[in-house]
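In: I would like to see how this sequence folds:
(2 chains)
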Amino acid sequence: MTDSPLVIAGKSFSSRFFLGTGKFKNKKNLSDSITASGSQIVTVALRRIDLERHEENILEHIPSHITLLTNTSGARNAQEAVRIARLAKASGCGNWVKIEVINDSKYLLPDNAETIKATEILAAEGFVVLPYITPDLYAARALVKAGAATVMPLGSFIGSNQGLKTKEFIQVLINEIDLPIVVDAGIGAPSQAAEAMEMGADAVLVNTAVATAQDPTTLARAFALAVEAGRMAYLSGLPLNHGIADASSPLTGFLYDDVPAN
Amino acid sequence: MKININGTSQNLDPTKNLSDIVTTFCKQSKHVIAELNGTIVPSEQWTKTNLKEGDALELVTFVGGG
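Out: Numbers count the residues shown, from 1 in each chain, chains lettered A, B, ... in the order given. Sure, this is the predicted structure:
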């Protein structure tokens, strides 16, 4: 079975696995993981330069053919997210931005209302906006109206590796929203990434699980395979979970027609 | 002349332009973004941009993130 590419803002991608670049122990792990993941979209963040430390430029470790998706981490409201997005664009590294607005330090949940505001402003300025939200149908519909390029619902708390705790709500977005749905945050194992893809998600974004694995490169590859397997299963018309038994073999006795009694 | 760079006060030679300042404080200027008093200054304007006492400069760049 052939798959159609993932299309975001008119750009086609054969990979449906986005990789985050935070928390890697060293730059070699990062660049090897990008290669192993086959990712064509990777996320980065913006920060003040540390005037004392003279840190390395992370972009030197990301191949130039990859689409950079700058997140607005650190933004506590729409205004700050817009400021970060404009700074990122001024670097000349493209206009793709993942809106991430967080003002709760305990759960690190995104603020959907502020995210919608920022999306509206930035989409009108010509940015390709990928907003990160707590999965909610009304917020997602507002994002469509605001000009978002995708919707990125969280699977569970950022960095928690808990998997798809919000599964039913993500399914609603997959069913109802006519934009690519990219499941972001909380995916801690390839099986969870496959689960999201089997449900019909268009892509997944993983960072913490890969970056903090003992062998990030191998796990990046495992995630890539899981995303592909999950996608293939979805396209196959995966049968639904019935919750009751349904025999795989003919339901007659071996030699006679009597069926075992309950 | 005292200006504020990334939240810390720095004593600078008033003859230095923004390009000189970036070179002084950053390992390399590629992918550095400068915001002077809240306004982004495109890199092609750095050599023509002079700072004055009390200015606030933000120098940001890309780091790893999810």
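
In: least trustworthy helix or strand in chain B by mean pLDDT?
Out: helix B:18-25 (a mean of 89; mean pLDDT, DSSP states H and E).

In: Run through the neighbouring helices and strands of that one.
Out: Helix B:18-25 is packed against strand B:33-36, strand B:56-64, with contacts defined by 3 or more CB pairs under 8 Å, 6 or more residues apart in numbering or on different chains; DSSP states H and E. Using the backbone N, CA and C atoms, a C-beta is placed for each residue, glycine as well.

In: Tell me the residue of chain B that sits nearest chain A?
Out: Nearest residue of chain B to chain A: B:Gly65, at 2.6 Å (CB to the nearest CB).

In: returning to what we had before: save the helices and strands packed on helix B:18-25 as a markdown table, and put in distance to A:Thr67 too.
Out: As requested, these are exported to a markdown table (distance: least, CB to CB, whole Å):
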| stretch | distance to A:Thr67 |
| --- | --- |
| strand B:33-36 | 19 |
| strand B:56-64 | 14 |
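
In: residues contacting residue 32?
Out: No chain in the question, so chain A it is. A:216-217, A:220 (CB atoms under 8 Å, 6 or more residues apart in numbering or on different chains).

In: my question was about chain B
Out: A:49, A:91, B:22, B:26, B:43, B:59-61.

In: Now render the helices and strands packed on helix B:18-25 as CSV, adding mean pLDDT and mean neighbour count.
Out: Shown next, in CSV, are the helices and strands packed on helix B:18-25 (pLDDT from 0 to 100; neighbours: other CB atoms under 10 Å in any protein chain shown):
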stretch, mean pLDDT, mean neighbour count
strand B:33-36, 94, 21
strand B:56-64, 93, 20
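
In: Of all those, which one comes closest to A:Thr43?
Out: Closest to A:Thr43 of the helices and strands packed on helix B:18-25, according to CB to CB: strand B:56-64, at 8.8 Å.

In: Quick one: work out the angle between that closest one and helix B:18-25.
Out: Counting by axes from the mean of the first three to the mean of the last three CA atoms, to 10 degrees, strand B:56-64 points 50 degrees away from the direction of helix B:18-25.

In: How about A:Ser236: what's its closest non-neighbour residue?
Out: Nearest residue to A:Ser236, sequence neighbours excluded (CB to CB, 6 or more residues apart in numbering or on different chains): A:Met1, at 6.9 Å.

In: The one you found: how many residues sit nearby?
Out: Counted with other CB atoms under 10 Å in any protein chain shown, the neighbours of A:Met1 add up to 6.

In: in terms of contact, does it touch A:Ala233 like I think?
Out: No - counting by CB atoms under 8 Å, A:Met1 stays clear of A:Ala233, with 10.6 Å between them.

In: Great, nothing more from me.
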